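Asker: Sequence and predicted model, in that order:
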Amino acid sequence: MPATTVPQRRESALSRERIVDAAIALLDATGEQGLTFRALSERLATGAGAIYWHIDNKHALLMAACDAVVARAVNAPAAEAKPADKIRSVALGLFEAMDAHPWAGAALSRAGGQLPVVRILESLGQQVRALGIPDAWQWSTTSALMSYILGVGGQNAAHAQLARQQGFDRTDTMTEVSQAWLQLDQDTYPFTRSMASSLPRHDDRADFLAGIELILRGMASQDPR
């Protein structure tokens, strides 16, 4: 067997997709601070140089991992679904993706105009346009929708990650917050006090979806049809 066939097979085995999948697993296990080319090399049982052949640096690796997570979330809606249902599907897919991969929310907040954000923008913008939103409002509508999804989804993921790291029980923590809210001054914080008793049993996912419905209703009011 010619000696040149060995590195070719190794190169084929170490594909960009395999590197990105390993990076996602490493990020899930250790967070962004644990994502290093050395740790990734150990996980892949290869040298760092082989990884650099596919991906230039840590930031590019993080964005590639983030984009893979986003792509799986935004490609989920059925082709025949109505635009509003596709928005619901994309929104929930991203919420659950950030919940499963808490590092992704923080990464997306720093992604700027890079591919992960562009992918989300395009998937939502196409449906905003399909809903008949006037041209002058399409950008602001899509931006507001994306900001809500990334903001609430990222915050939920960050809270969940902190709870896991600190060993907090969600119900116990929410009960403590509820009790603290009940001690607030009634005249200064009437709304917060009124919400205190329901806090321990509220559903973050349901709250998120309720917000999507509010945005969709506002969008429907601008539909010229």
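Answerer: Okay, I see it. Numbers count the residues shown, from 1 in each chain.
Asker: give me the low-pLDDT residue ranges for this structure?
Answerer: 1-13, 76-78, 222-225 (pLDDT under 70).
Asker: how's it carved up into domains?
Answerer: 1-55, 67-220 (automatic domain parsing).
Asker: which one of those is the most hemmed in?
Answerer: For the domains of the chain, the largest average neighbour count (mean count of other Cβ atoms under 10 Å) is found in domain 67-220, namely a mean of 16. All C-beta atoms are positioned from the backbone trio N, CA, C, and that covers glycine.
Asker: Can you give me the end-to-end span of it?
Answerer: Start-to-end span of domain 67-220 (Cα to Cα, to the nearest Å) is 30 Å.
Asker: where exactly do the helices run in this protein?
Answerer: 5-13, 16-30, 37-44, 48-52, 58-74, 83-100, 102-109, 115-130, 135-166, 170-182, 190-196, 204-220 (DSSP state H).
Asker: Can I get the domains of the chain in CSV including distance to Leu61?
Answerer: Converted to CSV, those look like this (distance: least, Cβ to Cβ, whole Å):
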stretch, distance to Leu61
domain 1-55, 5
domain 67-220, 11
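Asker: contact partners of stretch 85-93?
Answerer: Stretch 85-93 is contacted from outside by 72-74, 76-78, 81, 120, 123-124, 127-128, 145, 149, 205, 208-209, 212, 216, using Cβ atoms under 8 Å, 6 or more residues apart in numbering.
Asker: rerun at 10 Å
Answerer: Residues outside stretch 85-93 that contact it (Cβ atoms under 10 Å, 6 or more residues apart in numbering): 69-70, 72-82, 120, 123-124, 126-128, 130-131, 142, 145-146, 148-149, 152-153, 205, 208-209, 211-213, 215-216, 219.
Asker: OK, contacts around the closest residue to Leu27 other than its chain neighbours?
Answerer: Excluding the flanking residues, the one nearest Leu27 by Cβ to Cβ, 6 or more residues apart in numbering is Trp103, at 4.8 Å. By Cβ under 10 Å, 6+ apart, the contact set of Trp103 is 24, 26-28, 30-35, 62, 65-66, 69, 157-158, 161.
Asker: try 6 Å this time
Answerer: Applying Cβ atoms under 6 Å, 6 or more residues apart in numbering, we find Trp103 in contact with 27, 31-32.
Asker: Among the residues you listed, pick out the one closest to Arg43, please.
Answerer: Leu27 (11.1 Å; Cβ to Cβ).
Asker: gap between that closest one and Met63?
Answerer: Leu27 is 12 Å from Met63, where distance means Cβ to Cβ, to the nearest Å.
Asker: Ala206 now?
Answerer: As judged by Cβ to Cβ, Ala206 and Met63 stand 31 Å apart.
Asker: do the same with Thr141
Answerer: Thr141 is 26 Å from Met63, by Cβ to Cβ.
Asker: give the contact list for the residue nearest in space to the middle of the chain.
Answerer: In the chain, the C-alpha nearest the mean C-alpha coordinate belongs to Met98, at 3.5 Å (Cα atoms, centre = their mean). By Cβ under 6 Å, 6+ apart, Met98 lies in contact with 104-105, 153-154, 157.
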